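Q: sequence first, then the predicted structure:
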Amino acid sequence: MKRIVDVNIPLGPIHPCFKEPVRLKCEAKGERIISAEVELGYMKKGIERIMKGRPWQEVMFLAERVCGICSVIHNMVFIEAMEQISDISVPPRAAYLRVIVNELDRMQSHLLANFSYCYTIEHETLGMYLLDLREQVMDELERLTGARVTCAYIIPGGVRCDIPRQDAEDLQASLDRIEGDLRRYTGMFENGPMIALRSRGVGILTLEAAQRAHVVGPTARGSGIAYDCRQNHPTYKKLGFVPITRPDCDNFARVMVRFDEVFQSIALIRKCLQELPKGVIRGGGVCKAGEIRYSGEAPRGELTYFIKSDEFGRIVEIQIQPPSIMNIEACCHEMIIGSDSIADVTSTFISADPCVACAER
Amino acid sequence: MTAYLYEQDLVTQKYRILVALWHDNLVRQIARELDIPVQELRRYLIEHFDMIQLENLPARAEMAEAHADHGDAVARALGREKFTLYLQILSSAAMDSIFSEVNARVHAGIPMEEAIAFGRTQIREALKR
Amino acid sequence: MNILQRIKNKVRSRSIHVAYVDVGSCNGCDIEVLACLAPRYDIEQYGIFVHNNPREADVLLVIGAYTPGWEEKLAMVWDKIPSPKAAITIGNCPISGCLFDRKGSFVDPPVKKHIPIAAEVPGCPPRPTEILQAIMSVRDSVFFDWEEEHP
């Protein structure tokens, strides 16, 4: 795809604003972006190829290392898919604990994404506030699971460890603290006139374009698509989950959807802790042969696993479709087209919360 | 300045994306639909698409399956919106001219299958260009 | 060692600029490096500044098991850093490939093969404090006596 244009501006692979290596080749007319091309391949590890022919005990850890930021949901979707294949039932207490850990993971991921956005639009103060808040969420995650990032908490037929009563009380207390702080920071973001100048009306992703590219997660909900995989999850149904949407379609809407979802996660965890049933946390079971396509809601959107296993619980065929693929595609071919300046390219790209490690696997 | 520094040959890496399970199935399905060799379609995709578009092909195909071409029978058979808006293999202008030609043939009394077959040939020709 | 050199050493080891490059990890180590920026760990109180520009950097943090996309580029990035310089690998991936170094994968660890490495931090992922400690130890061993060793 070689064309003669005014200016070609390559961004990356190493760029102060990008957490991961990705190369964006923007074709610009003056400073207005007319088209962009993405060059990946800096993170391609071939995880699906390694997974083939391995028992689920190994694939479980590999699945978790598809993405380090949203590792809990990768673990959860893979394990729940295996449970669906082999008819393993989960004790109710374990199902609630899964939701708690998953929501804590979503909170830290959203806070990190919003930190990145604030950092990219050079509002470093708010960024640092959010990063500090994220550390508190990471503490809770560590207290519950024993590890900060790759915790392998969810196993077939239950979870790895229980939540003691003292820990549950501490979790409640720190949720109150986090909510209070976050309310202040969200107010700063919402009412900041300079932030609004940089974010409102920038990076428009229309509803039709979003639907065509199969955009998912907060990026889609910022464009008014009321779809969230948690609506179909049995435990979330019990908790009365309703997705959050905003109709504005711009960077501001996407970031605000993430802020709102953090509050929603806090409410969900509180409700879980209140209703937490008593009983065992591990049921046990044997993984069997079967084939399934199973989706779960990652912090970035719908995560789909297609798994085919044999009678010993080994993986024969697997395909992972992480949300970042769709979001990065829509971001680079829809949102940043027509940006008025190069500075808006990076901020728009970050507002879609791209995770290159997911997208390339 | 119109040339990039540090260019790298991406054909191997793009090929690796295309041979993943779902991508491979999809490419084979489209090749069957248009009746062209799989290798040729792969070469076309590698030359014309960037890497994230290749990765996103199955998701876009899924949405095309659900939402594209609900009205017209000819449009559905040719995959008018599927190949242009959703999969973006063809440009809208090329598809529109093929579509109007096929429609004209249908109105002239040529049987549907023959007209569609003609349309497919035109799409193949457009892909070779 | 004259007084000028002594001042140079001191100033150099008090102001470390860090660039990080991800050569194919799971992202877990990336965010632990980012967490070092957080007010809790506050990497800047030690005079370490993360800004991801290889041309101004002193320390290069390498994360991840080497993927084919980086074949020429990592060495290029390393050459662009002005000396004195040091590279630190973060996590298990650059040391051994962690669980990605299996039959059928595209990675080519260890990173040691491709560029000289001064320190390695194991862990999957290591804690932010460990990353901080590694940078501090490299600072003391590489930058503090640079003028004596390279007159």
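A: Thanks, I have the structure now.
Q: and the helices in the chain?
A: In the absence of a named chain, this looks at chain A. Ranges of helices in chain A, per DSSP state H, are A:47-51, A:56-64, A:71-86, A:92-120, A:124-145, A:165-191, A:193-199, A:207-212, A:217-221, A:234-239, A:251-275, A:323-330, A:342-351, A:356-360.
Q: that's the other chain; I wanted chain B
A: B:11-18, B:21-34, B:38-48, B:51-67, B:73-78, B:80-81, B:92-107, B:112-128.
Q: same list (the helices of chain A) but as TSV, adding distance to chain C, mean pLDDT and mean neighbour count.
A: All C-beta atoms are positioned from the backbone trio N, CA, C, and that covers glycine. Converted to TSV, the helices of chain A look like this (distance: least, Cβ to the nearest Cβ, whole Å; pLDDT from 0 to 100; neighbours: other Cβ atoms under 10 Å in any protein chain shown):
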stretch	distance to chain C	mean pLDDT	mean neighbour count
helix A:47-51	4	87	22
helix A:56-64	6	87	21
helix A:71-86	7	89	24
helix A:92-120	6	89	25
helix A:124-145	4	88	20
helix A:165-191	12	89	14
helix A:193-199	20	82	15
helix A:207-212	25	82	18
helix A:217-221	16	87	29
helix A:234-239	26	86	15
helix A:251-275	16	89	21
helix A:323-330	10	87	29
helix A:342-351	12	85	24
helix A:356-360	4	84	28
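Q: any idea which of the ones you listed gets closest to chain B?
A: Set against chain B and scored by Cβ to the nearest Cβ, the helices of chain A come closest in helix A:323-330, at 4.2 Å.
Q: contacting residues for residue A:178?
A: Residues in contact with residue A:178 (Cβ atoms under 8 Å, 6 or more residues apart in numbering or on different chains) are A:107, A:133, A:136, A:137, A:266.
Q: now with 6 Å, please.
A: Listed by Cβ atoms under 6 Å, 6 or more residues apart in numbering or on different chains, the contact partners of residue A:178 are residue A:136.
Q: quick check: the gap between it and residue A:137.
A: Counting by Cβ to Cβ, to the nearest Å, the gap from residue A:178 to residue A:137 is 7 Å.
Q: repeat that for residue B:127.
A: Distance from residue B:127 to residue A:137, by Cβ to Cβ: 50 Å.
Q: would you mind writing the CA trace of the helix-or-strand element of chain B with minimal mean pLDDT as CSV?
A: Every helix and strand in chain B was compared by mean pLDDT, DSSP states H and E; the lowest is helix B:73-78, with a mean of 70. The C-alpha trace of helix B:73-78 is given here as CSV (Å, rounded to 0.1, in the frame of the first residue of the first chain):
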residue,chain,number,x,y,z
ALA,B,73,-31.3,-11.2,-3.2
VAL,B,74,-28.7,-10.2,-5.8
ALA,B,75,-26.8,-8.2,-3.2
ARG,B,76,-26.8,-11.1,-0.8
ALA,B,77,-25.6,-13.6,-3.5
LEU,B,78,-22.8,-11.2,-4.5
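Q: now chain C against chain A: closest residue?
A: Of all residues in chain C, the one sitting closest to chain A is residue C:28 (2.6 Å; Cβ to the nearest Cβ).
Q: distance of that residue relative to residue A:72?
A: 12 Å.
Q: before we move on, what about residue A:262?
A: Here the criterion is Cβ to Cβ. By it, residue A:262 lies 15 Å from residue A:72.
Q: same question for residue C:34.
A: Residue C:34 sits 18 Å away from residue A:72, going by Cβ to Cβ.
Q: just residue A:220 next, same as before
A: Taking Cβ to Cβ, one finds residue A:220 at 21 Å from residue A:72.
Q: try residue A:225
A: Separation of residue A:225 from residue A:72 (Cβ to Cβ): 24 Å.
Q: ok, now residue B:113?
A: Counting by Cβ to Cβ - residue B:113 and residue A:72 are separated by 53 Å.
Q: now residue A:181
A: Distance of residue A:181 to residue A:72, given as Cβ to Cβ: 23 Å.
Q: before we move on, what about residue A:318?
A: 19 Å.
Q: where in chain B is pLDDT low?
A: Filtered on pLDDT under 70, chain B yields the residue ranges B:1-6, B:74, B:129.
Q: what parts of it come near chain A?
A: Counting by Cβ under 6 Å from any Cβ of the partner chain, chain B comes close to chain A at B:2, B:4, B:13, B:21-22, B:50-52, B:55-56, B:59, B:63, B:85-86.
Q: which two of those have the greatest separation?
A: Greatest spatial distance among those (Cβ to Cβ): B:2 and B:21, at 38.0 Å.
Q: of those two, who's got more company?
A: Using other Cβ atoms under 10 Å in any protein chain shown as the criterion, residue B:2 and residue B:21 rank with residue B:21 on top: 16 against 11.
Q: so for the closest residue to that one other than its chain neighbours, what's the pLDDT?
A: Leaving aside its sequence neighbours, residue B:21 sits nearest to residue A:319 (Cβ to Cβ, 6 or more residues apart in numbering or on different chains; 4.3 Å). At residue A:319, the model reports a pLDDT of 89.
Q: list the residues that contact residue A:319.
A: Going by Cβ under 6 Å, 6+ apart, the list of residues near residue A:319 reads A:306, B:21, B:22.
Q: quick one, strands of chain C?
A: Ranges of strands in chain C, per DSSP state E, are C:16-22, C:48-50, C:59-63, C:86-90, C:119-121.
Q: what's the offset of the fourth one from the middle of its chain?
A: Its chain's C-alpha centre and that of strand C:86-90 lie 3 Å apart, by Cα atoms, centre = their mean, to the nearest Å.
Q: for the second one, same thing?
A: Centroid separation between strand C:48-50 and its chain, computed with Cα atoms, centre = their mean, is 11 Å.
Q: equivalent analysis for the first one, please.
A: Here the centre of mass of C-alpha atoms in strand C:16-22, compared against the chain's by Cα atoms, centre = their mean, lies 6 Å away.
Q: walk me through which strands that strand pairs with, and which way each runs.
A: Counting by DSSP bridges, the strands paired with strand C:16-22 are strand C:48-50 (parallel), strand C:59-63 (parallel).
Q: ok, residues contacting it?
A: A:14, A:20-21, C:30, C:33, C:48-50, C:52, C:54, C:56-64, C:77, C:139.
Q: now do that strand against strand C:86-90, angle only.
A: 50 degrees (axes from the mean of the first three to the mean of the last three Cα atoms, to 10 degrees).
Q: dump strand C:16-22 to PDB, restricted to CA.
A: Output of strand C:16-22 as PDB, limited to C-alpha atoms (Å, rounded to 0.1, in the frame of the first residue of the first chain):
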ATOM      1  CA  ILE C  16      19.500   8.000  35.600                       C
ATOM      2  CA  HIS C  17      17.200   8.200  32.600                       C
ATOM      3  CA  VAL C  18      15.400   5.000  31.800                       C
ATOM      4  CA  ALA C  19      13.900   3.700  28.600                       C
ATOM      5  CA  TYR C  20      12.000   0.400  28.400                       C
ATOM      6  CA  VAL C  21      11.500  -1.800  25.400                       C
ATOM      7  CA  ASP C  22       9.100  -4.700  25.300                       C
END
